[in-house]
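1. sequence and predicted structure below; questions after.
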Amino acid sequence: MIEDEADIRSLISLVLESAGYAVHAADNGLDGVELVRRVSPEVVTLDVSMPGIDGYETARRIRRFSATHIIMITAFVQESDAQEGLDAGADEYLRKPFRPRELRARIEALTTTRRPD
């Protein structure tokens, strides 16, 4: 998970850990890219608005070396924002506030199908 807001990090951690997932977290894009490189997660949740590099650039950098599933979770709700996220390499675009059940369902849907390497 790459999320700069501590309360959202805590919520996502709680949701995913209660569903049986191991969770690793970074609070900015640069650290997040390195975390993905080091851990090789199956799924990354990624905020758009973060200090340093934004989520779009973070997704582009992750895509250079990883086929992990990326779910952007963001308050940016315009259709053009979602399209930019998908163009940057995201598989899903989830708008804040989100329902925990929806996040789990999207992760489960992504992890039942493998991305081509």
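-> Yep, that arrived.
2. so residue 73 sits in a helix?
-> No. Judged by DSSP: H, G, I helix; E, B strand; the rest coil, residue 73 forms no part of a helix; its state is strand.
3. specify the local secondary structure of the residue lying closest to it once chain neighbours are set aside.
-> Closest residue to residue 73 apart from its sequence neighbours, by C-beta to C-beta, 6 or more residues apart in numbering: residue 94 at 4.8 Å. Yep, even glycine has a C-beta here, placed from its N, CA and C like the rest. At residue 94, secondary structure determined by three-state DSSP is strand.
4. same thing with residue 48?
-> Judged by three-state DSSP, the three-state class of residue 48 is coil.
5. now do the same contact list for it.
-> Contact criterion C-beta atoms under 8 Å, 6 or more residues apart in numbering gives 54-56, 72, 74-76, 81, 85 as the residues in contact with residue 48.
6. also residue 106?
-> So residue 106 contacts 71, 92, 94 (C-beta under 8 Å, 6+ apart).
7. determine how far whatever helix or strand it lives in lies from the middle of the whole chain.
-> In this structure, residue 106 is located in helix 100-111 according to DSSP states H and E. The chain centroid and the centroid of helix 100-111 are separated by 12 Å under C-alpha atoms, centre = their mean, to the nearest Å.
8. what's near enough to touch residue 43?
-> 21, 68-71, 107, 110-111.
9. how does it look with 10 Å?
-> When contacts are counted by C-beta atoms under 10 Å, 6 or more residues apart in numbering, residue 43 touches 1, 16, 21, 68-71, 91-92, 106-108, 110-111.
10. could you do residue 33 as well?
-> Residue 33 makes contact with 2, 26, 44, 53, 57-62, 64-66, according to C-beta under 10 Å, 6+ apart.
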